[in-house]
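Student: no sequence for this one, just the structure:
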């Protein structure tokens, strides 16, 4: 464009800050070939660089602009103010110069490197923008590079808007962050594009088919487009192209075209991707309008709101904080509307709990507490509300005190006792009592919790005949308290015979030894921690008033008033099975599994308030929980049996298992209690179990369990106890079987074989209902031989089954694999099928499963170890159990999972002993078992072990991601909490995962954070891990194992707020996070952060005091004296003395310690 003429002569408005440019140079002064330029070549270069700086700085933060200016400081020191003004974004095109005010610069020498333009661009006044044809083009090089700029500068196409290009420095932002951004950039930018196959005309199609060759070029509309003649990338994306800005549609494949919503509607396509979700929401709204009293319909509508928010494209992935808060607000309003519409309803508590759950995400603690009080006053009949209120009170740090929480427990017990009779009343009752005693013990009052269990067990199993079940608590409790005050031996103590029996021994006074650890005033915290621990261990059982003790501790002796109120509420005539299971949970033992209590035990086994055995001081490091794993050792999964927590059906296989060959239900407990620091006294527990077996002579499950417990403790009295039981129960095949296993574990194989053979011979005279238990004996014996690698003798046992007897001499001589004739196979199969029907008719799941196992093993051994043929028996059994009537649903569910466990044992045996199998087949079978029981740790462990051997770890992550997600119960549409054992397994596999498979500190932390959860995690807080002492302690130990002291302290404070009742968790500050401990165990150069000093430890100690937790050795006076002394030294050092004395480091350590 000509820059002279009338336009040059227009009058220019005058401004104070405007200085007109001098006349343009003559045409002769301009460089040849560039008639439209009004500056020299150097001006063009300067304009180009200045334009790049302006465009670049307009879309980046100030720190990056300063960094760029520093890199060119020697060329730009005189233009600092102009650079700041150019930082403002331009509306359309980047300017060569944006200065509109006169800027004074110090005189500088002429340079060929740059040109100073202090007058601005006159075309801003003429056109209101830059002179388009005076702006040099960006020349692209490669994939988004710009000619003349470093290779790290790229054109950011994702951030481009309108006509402005954004140039970013990838080196500064990080390539990984850039890639991640690009991958996810388009997720939420708009609706999905609708595409369709481009229609081909009939003429073109006919022309194509008539040719006698296949073209390698793409044909479109009768014109061939050579694949080698496609426009270059520069032309496609040139922002100054006359075709306008390149559109996404321009880069679609030649046989695909974009479809507008209008076109899609005309052709019957779905124009709105959210249509189905919106339509579903409309249907649910109509349902609740027609049936406003339908609680399930309201819950379905509320649950659908998250799908409505996510849309079809965001089914997976986390919501932002704002989205979570918005979703909670929407759900809260729907809950409030539903409660107004529903009115009185038996299921109203589900709506109330949902209201409070969503409100917890939006309200502060004060308002949430007030809402709880209001709802409980008007809905006090719902026990589920009280249990959740109990959770709230126990975990609310600000308002928590021991006495206040204890009062809430008693109120819940009182309410449940007065409620109407219903099937779940007994389970709720003993769950509350279990939670109460665990709470008391974890708060430090261990002897009080043990006394409550002694009292309830004596009242239930050893009540005198004169106080039969017809007598009420008002008569029974005073009589028992009189017996308690006599201080004779109580259940679980040496010489105890039970309340109803004569001859209970009056215990002599115990003269306790002087404590080994004493308080050292020079190192208060360092000496207090082991002293307190010693006293905790010594106080696991109640003391007597006549005991001679140097400690002045009023809580050591439990008197009648300490028991009266709680036992009056806890005592009620109920089935004893749930009570025994509750005691096992209190003792950190797995429960006795049966059809009757499987629904209860499966829920309690995953309860974060119940499963806290790792809180014991025995587990002092992460390696105690995960042996063989250290921070500098590459983890491996050597065995599927290493995971220390179990959530599966406890059977004879797991009770008496060899831990090296199969899952052991009692190994973790025996290892933990063998340490003297355990919070459970194993001797007391064993004595209590023996007393319960004596009081329940018909309970074979309990007797079998007791023998397994004796064996797990490696008791020399195990065989003696088994023989004493067999004298009283001489017809019990299950006890003979358990005794044979004890002999075999002690290495007496001949004695074990003799016991098995004798018991089978005896069973011939038993009635059919009892004789069928011989299937359990046969199966146990066969598996013992298979585990020992003696398939020939196992085959011989199978051949002897129809006779129901065995010749031990022939068995011992069997060295070669016997042949199975068709006749013998038919006899064995008929015998097992008959026994199978008897077991099914009498609903004996162990017998039925034993028959299926024997049939599968028979097929396995008689068909050259063909796994596929043997598995057919399990498939048939699954179908048979699934066809049972609805009234046998509990039996069917229990038996199905038991069958899957039995099949898993055969799979594991085949993998270990045979090298011929398909990993994909094993994976498919184990995945099927997981789909039946998602949280069975046996299936999960075997699945992870199988996948770890092939270095395809992502399948394990996918499975764990699925099982740790929130599930909705189809029956009541409530979120089903993920069991604590599943969260622990997720953490376990992540710690065990090798580095090459993607395991990092961040992935392990992510597993911990998902387990702990929060009030806005995935829409609702159904994670039981948030209140799990075990997970919080493991999290702290993990951070310490990575030498990250600062993170460990941060996690500690979070855990203390989440579990304010746990003294053991708070004690970690004094045993693991103390400053002197950190300095001694973690080198300065490798650790991050320092341990807790005196002030921090004193604040933590004050938490123990303020919350009312048990302190055996009070050091409050000592801490006050040290604080006063420290303050005196501080004042004296700052009082203006002429000489400042140096600090004594050793003295400071003593005070911190």
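Tutor: Now that the structure is in, tell me what you want to look at. Given the structure is predicted, the values throughout are model-derived calculations rather than measurements.

Student: where does the stretch 1051-1153 of the chain have low pLDDT?
Tutor: 1134-1153 (pLDDT under 70).

Student: which residues in it form helices?
Tutor: 1063-1071, 1075-1081, 1094-1106, 1116-1133, 1145-1152 (DSSP state H, counting those that start in this stretch).

Student: and those helices, which is most packed in?
Tutor: helix 1063-1071 (a mean of 22; mean count of other CB atoms under 10 Å). Where C-beta positions appear, they are placed from N, C-alpha and C, glycine not excepted.

Student: what sits against residue 877?
Tutor: Each residue near residue 877 by CB atoms under 8 Å, 6 or more residues apart in numbering is listed here: 848, 852, 899.

Student: Pick out whichever of the residues you listed sits closest to residue 354.
Tutor: residue 899 (36.6 Å; CB to CB).

Student: burial count for that closest one?
Tutor: 24 (other CB atoms under 10 Å).

Student: contacts for the host helix or strand of residue 792?
Tutor: In this structure, residue 792 sits in helix 791-800 according to DSSP states H and E. Under the criterion CB under 8 Å, 6+ apart, residues 778, 781-782, 785-786, 806-807, 810-811, 814-818, 820, 824, 828, 854, 857-858, 861-862 lie in contact with helix 791-800.

Student: Can you name the element that comes right after that helix?
Tutor: helix 808-813.

Student: mean confidence score for the helix or strand following that next one?
Tutor: Toward the C-terminus, helix 808-813 is succeeded by helix 822-841 as the next helix or strand (DSSP H and E). For helix 822-841, mean pLDDT rounds to 94.

Student: same thing with stretch 372-381?
Tutor: 87.

Student: Next, the buried residues of it.
Tutor: For stretch 372-381, a neighbour-count test (16 or more other CB atoms under 10 Å) marks 372, 375, 376 as buried.

Student: Those in strands, which ones?
Tutor: Assigned to strands by DSSP state E, none of the buried residues of stretch 372-381 qualify.

Student: Could you pick out which of those residues are located in helices?
Tutor: In helices, defined here by DSSP state H, the members of the buried residues of stretch 372-381 are 372, 375, 376.

Student: hmm, back to that, now the buried residues of stretch 372-381 in CSV, with distance to residue 753?
Tutor: Converted to CSV, the buried residues of stretch 372-381 look like this (distance: CB to CB, whole Å):
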residue, distance to residue 753
372, 63
375, 64
376, 63
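
Student: From these, pick the one nearest residue 295.
Tutor: Among the buried residues of stretch 372-381, and counting by CB to CB, the member closest to residue 295 is residue 375, at 16.0 Å.

Student: Reformat the contacts of residue 877 as a markdown table; add secondary structure.
Tutor: As requested, these are exported to a markdown table (DSSP: H, G, I helix; E, B strand; the rest coil):
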| residue | secondary structure |
| --- | --- |
| 848 | helix |
| 852 | helix |
| 899 | helix |
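
Student: Residue 340: which of these is nearest?
Tutor: residue 899 (48.2 Å).

Student: What's the per-residue pLDDT of the closest one here?
Tutor: On the pLDDT scale, residue 899 gets 98.

Student: That one and residue 929, how far apart?
Tutor: 10 Å (CB to CB, to the nearest Å).

Student: How about residue 768?
Tutor: Counting by CB to CB, the gap from residue 768 to residue 929 is 32 Å.

Student: of those two, who's got more company?
Tutor: residue 929 (23 against 10).

Student: Identify the residues contacting the more buried one.
Tutor: 900, 903, 904, 936, 939.

Student: Shouldn't residue 889 be within a helix?
Tutor: Yes. Assigned with three-state DSSP, residue 889 falls within a helix.

Student: Figure out how far stretch 689-703 is from the centre of its chain.
Tutor: Distance, stretch centre to chain centre, for stretch 689-703: 37 Å (CA atoms, centre = their mean, to the nearest Å).
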